[in-house]
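> the following block contains a protein sequence and its predicted model.
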Amino acid sequence: MRFLLIAAVFLAFSAHAAELRLECPARYPAADVTLPQTGNWDTGLVVGQLPLVGAGMSIGPLAQRGELRGSEQRIKSGFRTQFKFDREQEPPEKWFLCYYGAGGQVHLARRAADTTTSCTLTHEKKRFPHEPKIQVSCQ
């Protein structure tokens, strides 16, 4: 009996440890943006910090841009999107993406564990400041 109790506690701890919880930073520092060669121009610059404009999930190598559309549900303060993954049929790479700047052209990415089966993205719109609060929870 004691062994079963210890095993149950260990399994519960293991399942909890595999969970991923992240929040997108509200702004992306302009100093961290590297611009490519400017051709015939003297230089390029990014003025100010880039505000958070959205987030999403992607599967496969990031260069393939396999962005997903999840199941979206409205909540009082914004919306919640549920993503489910089939470990047998989908690529093992799963990425949480935060989008910054006009049009969301700058992305921050964090890879979720290959064993991830579902993620919930919560996008809360705030009145002031006008930056959204975006969180993801994966299991």
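The structure has been received and is ready for your questions. Residues are numbered from 1 along each chain as shown.
> strands of this protein, residue ranges please.
Under the criterion DSSP state E, the chain contains strands at 20-23, 27-28, 50-59, 71-75, 78-84, 94-100, 106-112, 118-124, 133-138.
> who are the packing partners of the fourth one?
The reference is to strand 71-75. strand 78-84 (3 or more Cβ pairs under 8 Å, 6 or more residues apart in numbering; DSSP states H and E). C-betas here are computed from N, CA, C, even on glycine.
> coming back round to it: any chance of the strands of the chain in TSV, with mean pLDDT, mean neighbour count and distance to residue 38 too?
As requested, these are exported to TSV (pLDDT from 0 to 100; neighbours: other Cβ atoms under 10 Å; distance: least, Cβ to Cβ, whole Å):
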stretch	mean pLDDT	mean neighbour count	distance to residue 38
strand 20-23	90	14	34
strand 27-28	89	18	21
strand 50-59	92	20	19
strand 71-75	93	10	39
strand 78-84	94	16	37
strand 94-100	93	23	21
strand 106-112	91	16	17
strand 118-124	94	18	35
strand 133-138	93	19	32
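> make a markdown table from these and add distance to residue 34 to it.
Shown next, in a markdown table, are the strands of the chain (distance: least, Cβ to Cβ, whole Å):
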| stretch | distance to residue 34 |
| --- | --- |
| strand 20-23 | 23 |
| strand 27-28 | 12 |
| strand 50-59 | 13 |
| strand 71-75 | 33 |
| strand 78-84 | 30 |
| strand 94-100 | 14 |
| strand 106-112 | 11 |
| strand 118-124 | 27 |
| strand 133-138 | 24 |
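> mind checking those for the one nearest to residue 35?
strand 106-112 (11.2 Å; Cβ to Cβ).
> the inter-axis angle of that closest one versus strand 118-124?
140 degrees (axes from the mean of the first three to the mean of the last three Cα atoms, to 10 degrees).
> now the angle from strand 106-112 to strand 50-59?
40 degrees.
> name the residues that touch strand 106-112?
20, 22, 24-25, 28, 33, 50, 58, 62, 93-100, 119, 138 (Cβ atoms under 8 Å, 6 or more residues apart in numbering).
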